[in-house]
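Engineer: Sequence first, then the predicted structure:
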Amino acid sequence: MIGDIAQSAGEGSRMVIKSRGVVAAMAGVAVLAAASAATATAAQSARPAGAAASCGTSIDPNTRIPGGRRHTGPTLRIGGATVKVRYGNAKQGAPYYVWAAVSGASKGDPVALEWDVDYGSWADFGVCSATVHSGGTQNTRAVKYVHGKGWHLEAQACGRHAGHRACTAYWP
């Protein structure tokens with residue numbers, strides 16, 4: 001046991017810790033816990049209002065975003081399947097949409113877009129996922145995003161095919 005503990009009886013029991021090391025360690029833990037809570041609170045309150053991103057309503061980016069404004073980001077192959085980050089916007093200055101796509105996959109294979117709004121905090125991490133139902137091709141829901149000064153969206157596409165899971169590099 002660390003330190004000496006003395007217990008006295010009488011009007012109830014109380015424990016007296018007779019080791020400065022234990023008291024110092026307990027004080028250190030309390031300070032770290034308070035600092036962590038303050039950092040998390042500051043990160044949440046510092047979140048830029050325009051940075052909002054979430055797995056929004058289910059939209060088909062292939063019809064919502066004109067072909068000339070849809071782009072492919074990082075891509076990888078898992079066996080015969082291709083997983084990629086896709087992004088685009090309906091017109092210049094409009095919010096961006098980012099989604100993950102898989103092709104050449106099997107029924108039941110999952111695809112996911114893992115994203116983070118980077119402004120010095122990992123508090124805004126999210127995952128949009130989907131499962132291939134038929135045809136071997138599937139998109140996730142798109143994350144709607146508005147760029148700002150000092151913060152941006154980072155996203156990667158992940159998939160599982162033939163028992164192997166892998167993720168693309170982060171975009172952008």
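Structural biologist: Now that the structure is in, tell me what you want to look at. Numbering: from 1, shown residues only.
Engineer: tally of neighbours for the closest residue to Arg165 other than its chain neighbours?
Structural biologist: Leaving aside its chain neighbours, Arg165 sits nearest to Cys158 (6.7 Å; criterion: CB to CB, 6 or more residues apart in numbering). All C-beta atoms are positioned from the backbone trio N, CA, C, and that covers glycine. Cys158 is flanked by 22 other residues according to other CB atoms under 10 Å.
Engineer: Let me know whether Cys158 touches Tyr170 as I believe.
Structural biologist: No - counting by CB atoms under 8 Å, Cys158 does not reach Tyr170; the two are 11.2 Å apart.
Engineer: one step back: tell me which residues touch the residue nearest to Arg165, please.
Structural biologist: Val83, Ala100, Val111, Ala112, Leu113, Glu114, Arg165, Ala166, Cys167, Thr168 (CB atoms under 8 Å, 6 or more residues apart in numbering).
Engineer: buried ones in the helix or strand containing it?
Structural biologist: Assigned by DSSP states H and E, Cys158 falls within strand 152-161. Across strand 152-161, burial judged by 16 or more other CB atoms under 10 Å covers Leu153, Ala155, Gln156, Ala157, Cys158, Gly159, Arg160, His161.
Engineer: And these, which is closest to Gly67?
Structural biologist: Ala157 (19.7 Å; CB to CB).
Engineer: which one is the closest one nearest to, not counting chain neighbours?
Structural biologist: Ala100 is the one closest to Ala157 (CB to CB, 6+ apart), at 3.6 Å.
Engineer: Any idea what the one you found is bridged to?
Structural biologist: Assessed by DSSP bridges, Ala100 has beta-bridge partners Val85.
Engineer: how long is stretch 153-168 from one end to the other?
Structural biologist: 15 Å (CA to CA, to the nearest Å).
Engineer: now swap in stretch 85-102 and tell me
Structural biologist: When the termini of stretch 85-102 are compared using CA to CA, they are 9 Å apart.
Engineer: Next, the buried residues of that stretch.
Structural biologist: Quick answer for stretch 85-102 (16+ other CB under 10 Å): Val85, Arg86, Tyr87, Gly88, Asn89, Tyr96, Tyr97, Val98, Trp99, Ala100, Ala101, Val102.
Engineer: Name all residues that make contact with the last one.
Structural biologist: With contact set as CB under 8 Å, 6+ apart, Val102 has these partners: Ala81, Thr82, Val83, Lys84, Asp109, Val111, Val132, Thr137, Gln138, Ala157, Gly159, His161.
Engineer: Just confirm Thr82 is within a helix.
Structural biologist: No - assessed with DSSP: H, G, I helix; E, B strand; the rest coil, Thr82 is strand; it does not lie in a helix.
Engineer: That one and Leu76 touch, don't they?
Structural biologist: Yes - counting by CB under 8 Å, Thr82 touches Leu76, with 7.5 Å between them.
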